[in-house]
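A.B. asks: fold the following.
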Amino acid sequence: MKLSICTDVYANLSFTEMLDKVKSLGIEAVEMTAGGWGSCAHVNTPELLDSEEKRKEFLGEIASRGLEIAALNCSCNQLWPAGEGPQWSESMYKCAELAGKLGVKKIVCMSGLPPANEHDTTPNWITSHADQPYFLKDAVEYEWKVAVEWWKKFAAHCEAQGIEKIAIEEFPHMLVYNVETLLKLRDAVGPIIGINLDPSHLMIIGAEPIASARALKGCIYHVHGKDARIEKGESDINGICDWKEVFVPAERSWNYVAVGCGKDLQWWKEFFSVVRMMGYNDYVSLEMEDQTMSVEAGVQTSVDALKQTLSR
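C.D. replies: Just a heads-up that it's a prediction; the model follows:
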């Protein structure tokens, strides 16, 4: 396994400044947003699509520092029929085209989440039911119908660009948020679909990422190095469902934290050992979203932890 970083954490830096920073940290690759709701701070997708010369310059800056592109990221809710959904969908298609022109074989994204019926415009994340689940069953079936139709078309587009792997992040509030839902979409669309295994998202819904990794043999296409912590005071009172903004960590039942600040390093060693045992030996991209410390402290803490625990 090799260490990468999701570069939106350095959105305030220019492309070349970001590359120099990544190199100074001893990181080997970059995962950059090129579509979706990310900042796209370091990838000007329209410009790169239009100019072969710009693409050569872009790749040259990366190669000159001994770095590689781990993946292009275009995460968003492209299945939202209102608001920015259509624009996000288009940006995902453009990201796939750019990946093809850059020779990048893997993109990272999310499944998206439709509304509950054709008349609705609000995405509806359905995770439980009470005594009368019949109307929820209809809603879930509708959402999956919409998602599978979109994903079959997008997967064909990606294959036409030479993309070999679509790594879907199992993100809460998306249709694919755990092992079962990832495998359901993969079965419906095909083996180009795999998971971007982000253990933090599984932690916050009560799953055990090591067990999840064992169930995903052959389906792990990418990994995010990201930790989470269940905050015992708040979660003991209110449970782990929490809609409050991530910017108020002291008030939340769980938080994304720097690697090693949720699970200890022994856990991370076992996690990566199992992930490699299940057939994955590629990039692990640090995604730093810890609101309890500075960016610099969070990145350095996570880099130190990942370098000690990755299965090389």
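A.B. asks: distance from the chain centre to stretch 166-186, please.
C.D. replies: How far stretch 166-186 lies from its chain's middle: 10 Å, per C-alpha atoms, centre = their mean, to the nearest Å.
A.B. asks: how about stretch 273-284?
C.D. replies: On C-alpha atoms, centre = their mean, the centre of stretch 273-284 falls 17 Å from the chain's centre.
A.B. asks: quick one: the strands in the stretch 1-150 of the chain?
C.D. replies: Remark: strands assigned in the stretch 1-150 of the chain by DSSP state E, counting those that start in this stretch are 2-6, 29-33, 68-73, 106-110.
A.B. asks: in CSV: those, plus mean neighbour count, distance to Leu183 and mean pLDDT.
C.D. replies: In this view, the C-beta of every residue, glycine as well, is placed from N, C-alpha and C. Formatted as CSV, those follow (neighbours: other C-beta atoms under 10 Å; distance: least, C-beta to C-beta, whole Å; pLDDT from 0 to 100):
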stretch, mean neighbour count, distance to Leu183, mean pLDDT
strand 2-6, 24, 25, 98
strand 29-33, 24, 24, 98
strand 68-73, 25, 21, 98
strand 106-110, 26, 16, 98
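A.B. asks: indicate which one of those strands is closest to Ala167.
C.D. replies: When the strands of the stretch 1-150 of the chain are compared by C-beta to C-beta, strand 106-110 sits nearest Ala167, at 4.8 Å.
A.B. asks: returning to what we had before: which of the strands of the stretch 1-150 of the chain sits closest to Ile240?
C.D. replies: Per C-beta to C-beta, nearest to Ile240 of the strands of the stretch 1-150 of the chain: strand 106-110, 20.5 Å.
A.B. asks: what helices and strands are in contact with that closest one?
C.D. replies: strand 68-73, helix 85-102, strand 165-169, strand 220-225 (3 or more C-beta pairs under 8 Å, 6 or more residues apart in numbering; DSSP states H and E).
A.B. asks: for the helix or strand that the last one is followed by, which positions count as buried?
C.D. replies: If you walk from strand 220-225 toward the C-terminus, the next helix or strand you reach (DSSP states H and E) is strand 227-230. By 16 or more other C-beta atoms under 10 Å, the buried positions in strand 227-230 come out as Asp227, Ala228, Arg229, Ile230.
A.B. asks: pick out whichever of those residues sits closest to Arg186.
C.D. replies: The nearest one, if we look at the buried residues of strand 227-230 relative to Arg186 and count by C-beta to C-beta, is Ala228, at 24.5 Å.
A.B. asks: just checking, the closest one touches Ala258?
C.D. replies: No - using C-beta atoms under 8 Å, Ala228 is not in contact with Ala258, being 10.5 Å away.
A.B. asks: distance of Lys165 relative to Tyr221?
C.D. replies: As judged by C-beta to C-beta, to the nearest Å, Lys165 and Tyr221 stand 4 Å apart.
A.B. asks: list phi and psi for Ser253.
C.D. replies: phi -80, psi -20 (degrees, to the nearest 10).
A.B. asks: go on, Gly36?
C.D. replies: According to degrees, to the nearest 10, Gly36 has phi 70, psi -150.
A.B. asks: residue contacts, it?
C.D. replies: Counting by C-beta atoms under 8 Å, 6 or more residues apart in numbering, Gly36 touches Asn73, Cys74, Ser75, Cys76, Gln78, Trp88, Ser91, Met92, Cys95, Cys109, Met110.
A.B. asks: now those in CSV, with distance to Thr301?
C.D. replies: Converted to CSV, the contacts of Gly36 look like this (distance: C-beta to C-beta, whole Å):
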residue, distance to Thr301
Asn73, 22
Cys74, 28
Ser75, 24
Cys76, 28
Gln78, 33
Trp88, 32
Ser91, 32
Met92, 32
Cys95, 30
Cys109, 27
Met110, 26
